[in-house]
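S.K.: next comes the sequence, and after it the predicted model I'd like to discuss.
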Amino acid sequence: MRLSTLIALSTLAAPALAQSFNYPNFNSTTGLVMNANAAAVGGILRVTPAAGNQRGSVWYSQPLQVANGFHMEMTFQFTSQSASGADGLAILFQNDPRGTAALGSATAGSCIGYADNPAQPAGVGITNSLALEIDTYDAGTPFFDVTGNDFSWHSNGTLANDARESFSIGWATPPVDFTNGLVHSIAIDYVPGTLSVTYDGNPLFNTAFRFSTGGVWPNGTSSGGLNLINGTSLYVGVTSATGGAWENNDVLSWSFSSGGVAPTTYCTAGTSTAGCTALMSAAANPSASLSTPCIVNVSGVEGQKFGVIFYGLDQLIQPWATTSTSFLCVKLPTQRSLAQFSNGTIGSCDGSFTLDWTNFQATTPGSLGQPWLAGETAHLQAWYRDPPAAKSTNLSNALTLTYLP
């Protein structure tokens, strides 16, 4: 199926290159911008210390590409708590006009350093942002936190973000209390359409979200999408605050890697009469602008065979023939590339086919699927001659390519 809604066309820009950072500790904070009470202490990133009425934010100094997907990991710890401890951390993705100086309200710890205080005039919450609260304090009215031990995604579209649970687009309470003073870990994965949170190595919850359209608040209303920098990027950071209760809100390690979904395989390759299974692969997805190399490889083909790589716009899994081990995995209509010879050795599985997908699309105007849009998919399979087999042919497994901007 053509998936033209995976990434909104209004946010498309030049193809994104993967970007990453990795801080196994904070003995060095090169590349980070710290605001207000945030500081590096003994190799730990202390976003706010165990004292009343503190707030802090820490940002990676450059915008990072998020539109096509990302993976983030962090270890964190809450120590030296007052009677109840407060208020936790928030992981932020934002395009606020203040950039790396962005910081939320100073008048309520429950704003966790990113949001407006609903009891005060609006204006200081971080705008155009998505926040994941790691909330250690049940604030009650008017925030109505789920518990004092929960993860909650918050967004108010392009407006100032809000820590009230009516602005949550997804939340979960972890099975192990993260306020127990121990070190805990979190991983966040974004594939356009879904935010996934893993806690202490175990999947915890998924939230429906796209940067282009946002998520859904508890009342069923859309939160609205964000305006990304150059259509692809946001500042990535962490914020915190305390009020009348406090704790050390610490980050011990932090890493981030941007990128889109990888090419994926599906369907089962047939086994040739020589015992070969032809397998498709690609190292990277193509781009709608045709500026990103995308090479499709088929390995394990029986030697000295003619074949062709073909593609379509929809998947199909259908037996190739009654006695065949192959499956037809691409639905009509389809289009072929030029015929190829596998080379290799007769009777061995050392043959191969290769298709420069980007070049094929660039030099074959009007081919099936053109013009390609970001988020659309092409499904490829290889066919090759095998005279003793059913229908005198066999098929590889199949490959799905997802177009990037």
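M.R.: Looks like it arrived, so ask away. Numbering: from 1, shown residues only.

S.K.: relative to Ser155, how far out is Ser348?
M.R.: Between Ser348 and Ser155 the distance is 56 Å, computed by CB to CB, to the nearest Å. For the C-beta atoms, the positions are set from N, CA and C on the backbone; glycine is no exception.

S.K.: which one's more surrounded, those two?
M.R.: Ser155 (27 against 14; other CB atoms under 10 Å).

S.K.: list the contacts for the more buried one?
M.R.: Ser129, Leu130, Ala131, Asn161, Phe167, Ile169, Phe209, Gly214, Gly215, Ser223, Gly224, Leu226 (CB atoms under 8 Å, 6 or more residues apart in numbering).

S.K.: need the pLDDT of it.
M.R.: With respect to pLDDT, Ser155 has a value of 98.

S.K.: before we move on, what about Val183?
M.R.: According to the model, Val183 scores 95 on pLDDT.

S.K.: show me what contacts it?
M.R.: By CB under 8 Å, 6+ apart, Val183 lies in contact with Thr75, Phe76, Gln77, Leu252.

S.K.: how about 6 Å then?
M.R.: Thr75, Gln77 (CB atoms under 6 Å, 6 or more residues apart in numbering).

S.K.: run through the stretch 51-200 of the chain and note the low-pLDDT ranges.
M.R.: Along the stretch 51-200 of the chain, segments meeting pLDDT under 70 span 119-123, 140, 142.

S.K.: distance of Gly220 relative to Ala115?
M.R.: The spacing between Gly220 and Ala115, counted by CB to CB, is 22 Å.

S.K.: just Gly157 next, same as before
M.R.: In terms of CB to CB, Gly157 sits 14 Å off from Ala115.

S.K.: ok so, going back, compare Gly220 and Ala115 (neighbour count), which wins?
M.R.: Between Gly220 and Ala115, counting by other CB under 10 Å, Ala115 is the more crowded of the two (29 against 6).

S.K.: my guess is that one meets Asn161, correct?
M.R.: Yes. In this structure, Ala115 is within contact of Asn161 by CB atoms under 6 Å, at 5.0 Å.

S.K.: shared neighbours, these two?
M.R.: With CB under 6 Å, 6+ apart, Ala115 and Asn161 have common neighbours Gly125.

S.K.: contacts for stretch 173-180 next, please.
M.R.: Contact with stretch 173-180 is made by Phe78, Gly85, Thr136, Thr147, Asn149, Asp150, His184, Tyr199, as judged by CB under 6 Å, 6+ apart.

S.K.: run through the bridge partners of the last one.
M.R.: Taking DSSP bridges, one finds Ile186, Asn202 as the beta-bridge partners of Tyr199.

S.K.: okay, it and Ser253: tell me how far apart.
M.R.: Applying CB to CB to Tyr199 and Ser253 gives a distance of 15 Å.

S.K.: the first one now?
M.R.: The gap separating Phe78 from Ser253 is 15 Å, by CB to CB.

S.K.: how about Gly31, nearest residue that isn't a chain neighbour?
M.R.: Nearest non-adjacent residue to Gly31, counting by CB to CB, 6 or more residues apart in numbering: Ser61, 5.3 Å away.

S.K.: wait, doesn't the one you found sit right on Thr30?
M.R.: No. Between Ser61 and Thr30 there is no contact under CB under 6 Å: 8.9 Å.

S.K.: looking only at neighbour counts, state which of the two leads.
M.R.: Neighbours were counted for Ser61 and for Thr30 using other CB under 10 Å; Ser61 has more, 13 against 7.

S.K.: neighbours around the closest residue to Leu316 other than its chain neighbours, how many?
M.R.: Nearest residue to Leu316 in three dimensions, chain neighbours excluded: Lys331, at 3.9 Å (CB to CB, 6+ apart). Neighbours of Lys331 under the rule other CB under 10 Å: 15.

S.K.: where does Lys331 land on pLDDT?
M.R.: Reported pLDDT for Lys331: 96.

S.K.: now Gly99: phi and psi?
M.R.: With angles defined as degrees, to the nearest 10, Gly99 shows backbone torsions of phi 60, psi -120.

S.K.: next up, the contacts around the residue nearest to it when sequence neighbours are not counted.
M.R.: Nearest non-adjacent residue to Gly99, counting by CB to CB, 6+ apart: Tyr235, 6.2 Å away. Residues in contact with Tyr235 (CB under 6 Å, 6+ apart) are Trp59, Pro63, Gln94.
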